[in-house]
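J.: requesting a structural model of the entry that follows:
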Amino acid sequence: MAKVSSAELGTDSIGKLLVKQALPASIGILVMSLNILIDSVFVGNWIGSLAIGAINIVLPASFFIAALGMAIGIGGASMISRALGSNREEKALDTFGNQISLTVLLTVVLATVGLSFSDTIVQSFGGKGSIFDPAKIYYQIVLFGVPFQGLAMMGSNVVRAEGKPTFAMVGMILPALSNLVLDAVFIYVLDWGMAGAAWATTLSTFLSFLFYVWFFISKKSELKISFHHLKFKWHIVKEIASLGFVTLSRQAVVSFIYLFLNNILFNLGGEALVSVYAIVGRLLMFVLFPVLGVTQGFLPIAGYNYGAEKYDRVIEVIKKSIIAAVTLGIVVFAIIYLFPEAFVHLFIDTSNHLTAQEVEINNFIMTETPTALKIVFAATPIVAIQLIGAAYFQAVGKAIPALLLTLTRQGFFFFPLILILPNLYGKMGVWAAFPIADTLSTIVTAYFLYREIQKKLLPHT
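T.: So this is what the prediction gives:
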């Protein structure tokens with residue numbers, strides 16, 4: 001087999017590689033986040049503020065199933081990066097084939113189960129009162145596209161593992177742009193309401209899936225699998241599962257947190273407070289795109305060089321990634337802190353045709369959301385250390401430390417905090433739980449990352 005282009009991950013300068021990997025990832029995440037943000041803006045302005053809350057109710061259940069593809073993708077991508085770094089191309093092919101089989105099997109089964117119990121699931125995630133009907137409509141349609149979304153999320157991580165981040169970026173941009181166009185057609189022109197928003201999301205997901213199918217069957221990809229690569233090889237499945245379980249656990253915790261928070265906030269302030277959290281959640285996805293982009297760019301560089309035993313380059317990419325991500329985190333925090341009202345205005349319909357109840361809900365959202373944003377984003381400048389630190393252990397194949405450090409932020413710290421603080425401080429306790437958990441998890445992760453560098457990486461440089 002000819003020398004793969006992924007070898008550049010072990011030879012080019014770390015700074016150049018980080019820009020090359022992180023910039024497309026950041027752009028892709030930005031466009032995807034803009035899609036989610038603008039989608040919510042369209043829904044809020046064209047359907048109503050409560051419709052944003054309805055989508056927020058559905059996302060945890062549907063995204064958890066689709067996140068199986070992300071988990072399998074990231075777990076297998078770590079294996080592929082290290083396999084390519086050590087010239088084991090056949091293992092890379094076997095890994096990719098098993099990723100496809102696992103993703104199809106698990107997402108189809110879970111989507112079927114999810115559709116069978118739609119009423120129970122929507123209600124358990126906080127879809128109560130006037131939010132239930134629009135949430136159920138959105139949920140049932142979106143779940144049909146979840147297997148395709150899972151395969152697209154899996155494929156995106158494999159493309160990055162091959163050292164081709166630009167194609168991964170395109171795979172994220174295509175469905176994002178198509179979703180916005182279809183939103184305008186289905187919601188505004190055809191007046192399909194929540195069903196229109198759901199069909200726009202589902203069809204856009206299918207487009208992303210088709211793009212990755214094209215990439216892997218074309219000459220663009222180095223991973224040319226045959227049918228025998230699709231057959232489960234249990235030692236590979238086990239390794240994919242152990243590494244992917246890190247990502248899946250994080251998404252499972254996120255889903256459970258949405259479940260608890262939606263119910264807690266509904267009890268504290270009704271549907272309007274759930275919509276406040278929906279806006280906060282959308283902005284968390286959107287404004288952190290540069291930090292998440294650096295983290296995505298970091299993974300294949302660290303994994304490849306660790307597999308090639310070039311530990312000096314691993315140390316360098318850790319340091320440069322943290323510096324870049326922390327700097328970007330400071331910028332994000334400053335923007336949110338200075339202009340919170342401007343972001344909230346995007347989601348609110350201010351036209352004259354609103355009912356008295358809708359005006360009351362909008363006024364509540366405008367009053368509560370800016371304060372919530374300032375508190376929730378308070379630890380943004382340092383959270384990059386936690387993300388890079390946990391990503392390092394996943395990139396180098398150390399599943400247990402990666403799992404534990406990933407869970408520190410939203411599991412070990414945040415989950416107990418949202419069970420305790422709201423009882424003491426009401427809704428302010430909910431918002432305060434975010435920066436407290438971020439700070440504690442960053443301290444823990446920084447300690448273990450420093451110890452890993454001292455004991456594992458430095459002695460071999």
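J.: C-alpha only now, for contacts and for neighbours.
T.: Will do.
J.: can you name the next helix or strand after the helix or strand harbouring residue 21?
T.: Using DSSP states H and E, residue 21 maps to helix 14-46. Note on helix 14-46: by DSSP H and E, the next helix or strand toward the C-terminus is helix 49-85.
J.: in this structure, where's the longest helix?
T.: helix 234-287 (DSSP state H).
J.: what mean pLDDT does it have?
T.: Confidence over helix 234-287 (mean pLDDT, whole number) is 82.
J.: what's the angle from that helix to helix 49-85?
T.: 140 degrees (axes from the mean of the first three to the mean of the last three C-alpha atoms, to 10 degrees).
J.: tell me what helix 234-287 is packed against?
T.: Judged by 3 or more C-alpha pairs under 8 Å, 6 or more residues apart in numbering; DSSP states H and E, the packing partners of helix 234-287 are helix 14-46, helix 49-85, helix 89-116, helix 356-376, helix 399-407, helix 414-425, helix 427-452.
J.: mind doing that once more with 6 Å?
T.: helix 14-46, helix 49-85, helix 356-376, helix 399-407 (3 or more C-alpha pairs under 6 Å, 6 or more residues apart in numbering; DSSP states H and E).
J.: out of these, which is closest to residue 174?
T.: Smallest distance to residue 174 across the helices and strands packed on helix 234-287 (C-alpha to C-alpha): 9.1 Å, for helix 14-46.
J.: residue 48: how many residues sit nearby?
T.: 20 (other C-alpha atoms under 10 Å).
J.: scratch that, residue 190 is what I was asking about
T.: 11.
J.: distance check, it against residue 184.
T.: Between residue 190 and residue 184 the computed distance is 9 Å (C-alpha to C-alpha, to the nearest Å).
J.: what strand or helix carries residue 296?
T.: helix 289-307.
J.: list the buried ones in the next helix or strand after that helix?
T.: Counting by DSSP H and E, the next helix or strand C-terminal to helix 289-307 is helix 311-338. Going by neighbour count (16 or more other C-alpha atoms under 10 Å), the buried part of helix 311-338 is 311, 313-315, 317-318, 320-322, 324-334, 336-337.
J.: also stretch 397-415?
T.: So stretch 397-415, judged by 16+ other C-alpha under 10 Å, has buried residues 397, 399, 401-415.
J.: endpoints of it, how far apart?
T.: 26 Å.
J.: re earlier: got the helices and strands packed on helix 234-287 as a markdown table, with mean pLDDT columns?
T.: Formatted as a markdown table, the helices and strands packed on helix 234-287 follow (pLDDT from 0 to 100):
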| stretch | mean pLDDT |
| --- | --- |
| helix 14-46 | 74 |
| helix 49-85 | 77 |
| helix 356-376 | 87 |
| helix 399-407 | 82 |
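J.: out of these, deepest packed?
T.: helix 49-85 (a mean of 28; mean count of other C-alpha atoms under 10 Å).
J.: helices or strands next to it in the packing?
T.: Against helix 49-85 (3+ C-alpha pairs under 6 Å, 6+ apart) you get helix 89-116, helix 146-161, helix 234-287, helix 289-307.
J.: what does stretch 68-82 contact?
T.: Outside stretch 68-82, the residues within contact range by C-alpha atoms under 6 Å, 6 or more residues apart in numbering are 92, 103, 150-151, 153-154, 157-158, 161, 240, 243-244, 247-248, 303-304, 307, 395.
J.: for residue 347, which residues are in contact?
T.: 41, 44.
J.: actually residue 166, not the one I wrote
T.: residue 24.
J.: how about residue 135, nearest residue that isn't a chain neighbour?
T.: If the residues on either side of it in the chain are set aside, residue 135 comes closest to residue 54, at 4.5 Å by C-alpha to C-alpha, 6 or more residues apart in numbering.
J.: now do residue 233
T.: Closest to residue 233 by C-alpha to C-alpha, 6+ apart is residue 98, at 7.3 Å.
J.: any weak-confidence spans in the stretch 301-450 of the chain?
T.: The stretch 301-450 of the chain contains residues with pLDDT under 70 at 349-352, 354.
J.: only alpha carbons, please: show stretch 259-274 as PDB.
T.: Coordinates of the C-alpha atoms in stretch 259-274 are reproduced here as PDB (Å, rounded to 0.1, in the frame of the first residue of the first chain):
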ATOM      1  CA  LEU A 259     -34.300  15.300  31.700                       C
ATOM      2  CA  PHE A 260     -33.700  16.600  35.200                       C
ATOM      3  CA  LEU A 261     -33.200  20.200  34.300                       C
ATOM      4  CA  ASN A 262     -36.300  20.400  32.100                       C
ATOM      5  CA  ASN A 263     -38.400  19.000  34.900                       C
ATOM      6  CA  ILE A 264     -36.700  21.100  37.600                       C
ATOM      7  CA  LEU A 265     -37.100  24.300  35.600                       C
ATOM      8  CA  PHE A 266     -40.700  23.400  34.700                       C
ATOM      9  CA  ASN A 267     -41.500  23.100  38.400                       C
ATOM     10  CA  LEU A 268     -39.700  26.300  39.200                       C
ATOM     11  CA  GLY A 269     -41.100  28.500  36.500                       C
ATOM     12  CA  GLY A 270     -43.200  26.600  34.000                       C
ATOM     13  CA  GLU A 271     -42.800  26.400  30.200                       C
ATOM     14  CA  ALA A 272     -41.200  29.900  30.000                       C
ATOM     15  CA  LEU A 273     -38.300  28.900  32.200                       C
ATOM     16  CA  VAL A 274     -37.800  25.700  30.100                       C
END
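J.: cool, thanks, talk later.
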